[in-house]
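Undergrad: Sequence and predicted model, in that order:
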Amino acid sequence: MNQNKKTLTEDLILILKGIAMGAANKVPGVSGGIVAFVAGFYEELIYSLQKINLKAFKILIKRGWKPFYQYTNGRFLVLLFSGVIISYFSISLILDYLIKNFELQVLGVFFGMILASLYFVYFQVEKWNLKTFLFFLMGLSIGLIIMFTKPSTENENLLFVLFCGIISVSGMTLPGLSGSFLLLLLGNYSLLLVDTVNAIYFTLTDFTRFDFQFVHDPSRMKLLQLAMVFTLGSITGLVVFSNLLSFVLKYHKKVTLATIIGFIAGSLGVIWPWREKSFKMDELGQIQYNQVGNPIIESYEYFFPNLLKFEFWFITIFIILGVLIVTLLEKYGIQKKEH
């Protein structure tokens, strides 16, 4: 009975980790891979995804579902990605609301989380030397280049959406490289992480009411088509990135970790809470909106806050909250390893 209770608790915790990953992936500048890194299951995630290969499908065809499930660490992947899916239709919708109405506070929490993650991940490189430091600088440079890149315009081309799907999962497999921020740079963040998710949610709601009028709505059907292509790209990206990272973690672990730390350091600037948005304007000087009415962001202007103003200290409280969340997660991970 106690063993069953323990297994149920572990399953629930794994689902919650997936929810945290899914929520993190929705925030531009934040990587779901950081959650995996700090919570101590990053390498298991990469090696499990790497098992989804040609050999796995041969096992499925020749020996059936159970050996396939065991070979791919199916329990871990199913529970984790169940959490990610739950997040996209629950926590992510709440995050959309919070980002829209309390953006600085949300950015403050995630800024604190990444700051604390940087501290803890630093010690995972057992010995720093010139080689690891150079790879750290490379990761940092790429992160900063991405930060200052100007966003593109929204693009509904299916091949481009497929490419966006492949790129977007980098945040799950590579801590510090935010897939959602890359989508923002590619111009398709609102389209693929807000509009299509909402379209799927409303479609599922219609299904439960046996209301199929949405099939006559060209806008809804277009978004569902984009969601399918984006999902296909995401699955492809997961398999490709996980196999690549599995190889480099196995044979070049120190320099890989050093590069990841650089990415994380570079991503700090991306979610600097004190910033102003610049929106895309038309020829008449009016703000341009996408097909569902959201303003199109052209760029961000970052600034240093006034330390004497209340706003600075108010946001700092949320940064400290983010640091505390990661610190508690890290302590939980250490206690679990000791037991």
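TA: Right, received. Where do you want to start?

Undergrad: Any buried residues in the longest helix seen in the chain, and which?
TA: Ordering each helix of the chain by length in residues (DSSP state H) puts helix 218-251 first. Of all the residues in helix 218-251, those buried under the rule 16 or more other CB atoms under 10 Å are 220, 223-224, 226-227, 229-230, 233-234, 237-239, 241-243, 245-246, 249. To be clear about C-beta, it is placed using only N, CA and C from the backbone, and glycine gets the same treatment.

Undergrad: Direction-wise, compare the helix or strand following it with helix 218-251 and give the angle.
TA: Using DSSP states H and E, the helix or strand that directly follows helix 218-251 along the chain is helix 253-270. Angle of helix 253-270 versus helix 218-251, following axes from the mean of the first three to the mean of the last three CA atoms, to 10 degrees, is 140 degrees.

Undergrad: I'd like the distance between residue 35 and residue 113.
TA: 9 Å (CB to CB, to the nearest Å).

Undergrad: Could you do residue 54 as well?
TA: For residue 54 relative to residue 113 (CB to CB), the value is 37 Å.

Undergrad: can you check residue 217 too?
TA: 38 Å.

Undergrad: ditto for residue 273
TA: Residue 273 is 12 Å from residue 113, by CB to CB.

Undergrad: Looking at the two, which is more packed in?
TA: When residue 273 and residue 113 are compared for neighbours, residue 113 comes out ahead with 27 against 22, by other CB atoms under 10 Å.

Undergrad: avg pLDDT for the helix or strand containing that one?
TA: Using DSSP H and E, residue 113 sits in helix 103-122. Taken as a whole, helix 103-122 has a mean pLDDT of 79.

Undergrad: So residue 326 sits against residue 116, correct?
TA: Yes - taking CB atoms under 8 Å as the definition, residue 326 is a contact partner of residue 116 at 3.7 Å.

Undergrad: least trustworthy helix or strand in the protein by mean pLDDT?
TA: Every helix and strand of the chain was ranked by mean pLDDT, DSSP states H and E. The lowest is helix 170-173, at a mean of 68.

Undergrad: What residues sit buried inside the helix or strand harbouring residue 9?
TA: Counting by DSSP H and E, the element that carries residue 9 is helix 2-26. Going by neighbour count (16+ other CB under 10 Å), the buried part of helix 2-26 is 14-26.

Undergrad: likewise stretch 276-283?
TA: residue 280.

Undergrad: Next: stretch 49-64.
TA: Result for stretch 49-64 [16+ other CB under 10 Å]: buried residues 49-52, 56, 59-60.

Undergrad: cool, and stretch 33-43?
TA: 33-42.

Undergrad: okay if I get these as TSV plus distance to residue 255 and pLDDT?
TA: Formatted as TSV, those follow (distance: CB to CB, whole Å; pLDDT from 0 to 100):
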residue	distance to residue 255	pLDDT
33	17	73
34	19	69
35	23	74
36	19	77
37	16	71
38	21	67
39	23	70
40	21	71
41	22	79
42	16	77
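
Undergrad: I am finished for the moment; much appreciated.
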